[in-house]
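Undergrad: I would like to see how this sequence folds:
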Amino acid sequence: MITWVVTISFCILIVGFAFWHLPVLRVARQRKLARGIGVAVEHRSPFLAGTVDSLEKLVAGVAEQLALTSRQKERVRIASNVCDLGLCGVPSQLLRKDLEWSPEEQATFERHAASGAVMLRANRLLAEYAPIVRHHHSRYESDPSAPVESRVISACSDYLQLIRHVGTDRALVALDRQSGFHYDPAVVTAIREVVSKSE
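TA: You can find the predicted model right below:
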């Protein structure tokens, strides 16, 4: 009788351990794979140089400011690493072009969100991030139901590109002007809060 009790208790312990740790291990694997993808895409796209770390840090701060759930915080950080995966399908000469793009070239670039989502759906480990990546350049006014993680990445990634060209103050003004149209107003406010805390 005691042997059965010990055996059953041990089995319950093992099952409980597996249920507790398997999701943690899965997220760790997702994080590692996404990080590798992000670094690879960054090296291929000169205009993204140095943004993988800064984007992940910014989206984490914004997610905290918005009081997202712990799972949403993790999802937005991982998705920020793979959001530009679709750029692998954009010709390298276009990504390195200094001059203004033609309408056809702009359209090619804009397809990278949809392409990235398709690529992610083909990977069982990262497939859950496909909807976030698919909508990470959607305009807020035309797609207000896009995942909150997408809306965070959209504003944060554009903000980081803007500060490279016009500086922090003018980048924030540009976000404010598009708040409610291109960007989620709550996300824009959160970016302002995060930036003010870091100064």
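
Undergrad: which helix or strand lies directly C-terminal to the helix or strand encompassing Asp53?
TA: Assigned by DSSP states H and E, Asp53 belongs to helix 51-65. Counting by DSSP H and E, the element after helix 51-65 in chain order, helix or strand, is helix 70-82.

Undergrad: so which elements touch that following helix?
TA: Judged by 3 or more CB pairs under 8 Å, 6 or more residues apart in numbering; DSSP states H and E, the packing partners of helix 70-82 are helix 2-44, helix 51-65, helix 130-134, helix 148-178. No exception for glycine: its C-beta is placed from N, CA and C like everyone else's.

Undergrad: and if we set it to 10 Å?
TA: Packing partners of helix 70-82 (3 or more CB pairs under 10 Å, 6 or more residues apart in numbering; DSSP states H and E): helix 2-44, helix 51-65, helix 112-121, helix 130-134, helix 148-178.

Undergrad: need the CA coordinates for that helix. CSV is fine.
TA: Below are the C-alpha coordinates for helix 70-82, written out as CSV (Å, rounded to 0.1, in the frame of the first residue of the first chain):
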residue,chain,number,x,y,z
SER,A,70,3.3,39.0,-18.2
ARG,A,71,2.6,36.8,-21.2
GLN,A,72,2.0,39.9,-23.4
LYS,A,73,5.2,41.4,-22.2
GLU,A,74,7.1,38.3,-23.2
ARG,A,75,5.4,38.1,-26.5
VAL,A,76,6.1,41.6,-27.5
ARG,A,77,9.8,41.2,-26.6
ILE,A,78,10.1,38.1,-28.6
ALA,A,79,8.1,39.5,-31.5
SER,A,80,10.3,42.6,-31.6
ASN,A,81,13.2,40.4,-32.6
VAL,A,82,11.4,38.7,-35.5
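
Undergrad: any buried residues in that helix, and which?
TA: Residues of helix 70-82 classed as buried: 72-82 (neighbour count, 16 or more other CB atoms under 10 Å).

Undergrad: could you find the residue nearest the spatial middle of this protein?
TA: Centroid-nearest residue in the chain: Ser80, 2.2 Å away (criterion: CA atoms, centre = their mean).

Undergrad: where does the prediction get shaky in the protein?
TA: The chain contains residues with pLDDT under 70 at 1-22, 97-99.

Undergrad: try 80 this time
TA: 1-24, 44-50, 91-102, 105, 109, 199 (pLDDT under 80).

Undergrad: tell me which of the helices and strands packed on helix 70-82 sits most buried.
TA: With neighbours defined by mean count of other CB atoms under 10 Å, none of the helices and strands packed on helix 70-82 is more surrounded on average than helix 130-134, at a mean of 23.

Undergrad: and for that one, what's in contact with it?
TA: Under the contact criterion CB atoms under 10 Å, 6 or more residues apart in numbering, helix 130-134 has outside partners 75-76, 78-80, 82-86, 112-123, 126, 146-153.
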